[in-house]
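1. kindly return the folded structure for what I paste below:
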Amino acid sequence: MNLLLQIPVEIRLAALSLLGAAVGGQLNRGIYGLACEPRNISPWAPAPPAAPARSWADRIPVLGWWRMRRETPWHGRGFWVRPLLIELATGAAFAVLYWLETERLMLWPRHPGHAVPSSLVVHAQFLSHAILLALMIVATFIDFDEKTIPDAITVTGSALGLLVAACLPMAALPTLHQPVLGPASLHHLVLTSSTTSAQWLDGWGGPCSWPAVLDQPLGLAAGLAAVWLWCFAILDKTWTTRHGILRAFQYLAASVARRRSWQVPLALGAGLSLLLVAVWTLGAERWQALLSAVAGLGFGGALIWGVRIVGGHALRTEAMGFGDVTLMAMIGAFLGWQCALLVFFVAPFTALLIATTQWLITGNRLIAFGPYLCLASVIVVGFWSAIWYNWALDLFTFGWFIPLALLCCLVAMGGLLWVWRILREAFFY
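-> Model (predicted):
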């Protein structure tokens, strides 16, 4: 870290811009290669039949897309503009994010008496957020193109978020700052949105709370249960209660066995279980960070899943894709459950202007909600210090009232959507 800091910041930013552009090239590769209908637009893919052979020069970030213009007859006019801009934007985003998080300390309040984060802490936060940003870029553009988000991005990203929490517990969003007590104590005083459990009162939060019971076998059992529930959720399965609950379980078992898609969830569950057990034996803030990331994964996924179920029953049509569920689980794994809740409430505002404009221009009422969850995540992280310390910290002191309020909101949403469906069927059809 000291060697890195000896390099002038201007050189570091320039190097990150180049690295970001190179990463952007791989993001374009994922956007076109991981889609449900892969396209051979990326220079890393085989050239279309009868097209000129692709060379290593086509893979040079940004400049390679200028050369790729020759494939316009196969991919359409201007096909190269978006991937070129993605590579430029990724390079700029990495540099700006690094400068804001490590030089400007944008995540941290600037009040006298509060601890100043170490270079290791802010660089770990930058690395975590850069990884999440890259994953969200791929998810965003695939969702724009196909209205789907592949599990290859969100499921892999969720597991990666848990791994980052275990390896870099200081990388989570800061929520509490204590005065500096000494050079060696700062690392342990960086309590975060992921490692303060819930900011709840009565032993389940408050200013410095981490329930001791979560360090016991009960905490490990809770983490394992959440991981295996998530693995069950991502199974490719069929569930219908049209013919009764008993037949529903029969269909479920038959669909899982027939599709043979259980290998990946089983392997993920086994690997993450070993990770949880290993980190639990270490304890301290590393275990707190990992268990809190698991809580973020479970809460984020369950929140969108609840909206999907309630909205689907009320409207009698799919209200939200399952890709949005796994996307929110990934965001929660990286940012913590509190941030996932804030992202959920910010996302409709990010979607409002764009969706309204789309409807007025094209008449299309279908929107890809995943990109707006990603944009909301960027906004919440970018304004984290102002959001958390000005009002969100007080909000989360309501404790168990929060899940009860969310449950009431889901019920109210279901009722409103049901009324809307009845009125739409009566007057518009």
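2. let me see the ranges of the strands in this structure.
-> In the chain, the strands defined using DSSP state E lie at 174-176, 191-192.
3. least reliable of those strands going by mean pLDDT?
-> Of all these, mean pLDDT reaches its minimum on strand 191-192 (a mean of 34).
4. list the residues that contact Leu63.
-> Ala57 (CB atoms under 8 Å, 6 or more residues apart in numbering). Quick note: C-beta positions are derived from backbone N, CA and C, even for glycine.
5. typed the wrong thing, it's Pro38
-> By CB under 8 Å, 6+ apart, the neighbours of Pro38 are 32, 45.
6. next, it: phi, psi?
-> phi -60, psi 140 (degrees, to the nearest 10).
7. how much space separates it from Ala412?
-> 41 Å (CB to CB, to the nearest Å).
8. kindly report the same for Asp151.
-> 31 Å.
9. of those two, who's got more company?
-> Between Asp151 and Ala412, Asp151 has the larger neighbour count (other CB atoms under 10 Å), namely 19 against 11.
10. which residues touch the most centrally placed residue in the chain?
-> Central residue of the chain (CA atoms, centre = their mean): Ile331, 2.3 Å from the mean position. By CB under 8 Å, 6+ apart, the contact set of Ile331 is 132, 136, 296, 300, 339-340, 343, 373-374, 377.
11. over to Val227?
-> Taking CB under 8 Å, 6+ apart, one finds 269, 272-273, 276, 294 in contact with Val227.
12. just put the residues you listed in a markdown table and tack on neighbour count.
-> As requested, those are exported to a markdown table (neighbours: other CB atoms under 10 Å):
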| residue | neighbour count |
| --- | --- |
| Gly269 | 19 |
| Leu272 | 25 |
| Ser273 | 16 |
| Leu276 | 24 |
| Val294 | 27 |
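13. low-confidence ranges, the stretch 1-150 of the chain, go.
-> 111-115 (pLDDT under 70).
14. neighbours of the closest residue to Trp65 other than its chain neighbours, just the number please.
-> Spatial nearest neighbour of Trp65, chain neighbours left out: Leu84 (4.0 Å); criterion: CB to CB, 6 or more residues apart in numbering. Residues near Leu84, counting by other CB under 10 Å, number 20.
15. just checking, Leu84 touches Trp66?
-> Yes: counting by CB atoms under 8 Å, Trp66 is a contact partner of Leu84 at 7.4 Å.
16. how much space separates Phe322 from Trp80?
-> Taking CB to CB, one finds Phe322 at 32 Å from Trp80.
17. what about those two, which has more around it?
-> Legend: neighbour count by other CB under 10 Å for Phe322 and Trp80, higher for Trp80 (21 against 18).
18. my guess is the more buried one meets Arg70, correct?
-> No: the criterion here is CB under 8 Å, and Trp80 misses it with Arg70 at 9.5 Å.
19. Leu375: what's it in contact with?
-> Counted by CB under 8 Å, 6+ apart, Leu375 has contacts 140, 347, 350.
20. quick one: stretch 19-32 to chain centroid distance?
-> Offset of stretch 19-32 from its chain centre (CA atoms, centre = their mean, to the nearest Å): 18 Å.
21. before we move on, what about stretch 314-325?
-> 18 Å.
22. quick one: contacts of that stretch?
-> 139, 143, 147-151, 154, 233, 301, 304-305, 307-308, 310-312, 369-370, 373, 413-415, 417-418, 420-421.
23. now, which of those lie within helices?
-> 139, 143, 151, 154, 233, 301, 304-305, 307-308, 310-312, 369-370, 373, 413-415, 417-418, 420-421 (DSSP state H).
24. among those, which ones are buried?
-> By neighbour count, with 16 or more other CB atoms under 10 Å, those hold 139, 143, 151, 154, 233, 301, 304-305, 307-308, 310-311, 369-370, 373, 413-414, 417-418 as buried.
25. low-confidence ranges in the stretch 301-429 of the chain?
-> Looking at the stretch 301-429 of the chain by pLDDT under 70, you get 319, 357-358, 361-366, 397-400, 428-429.
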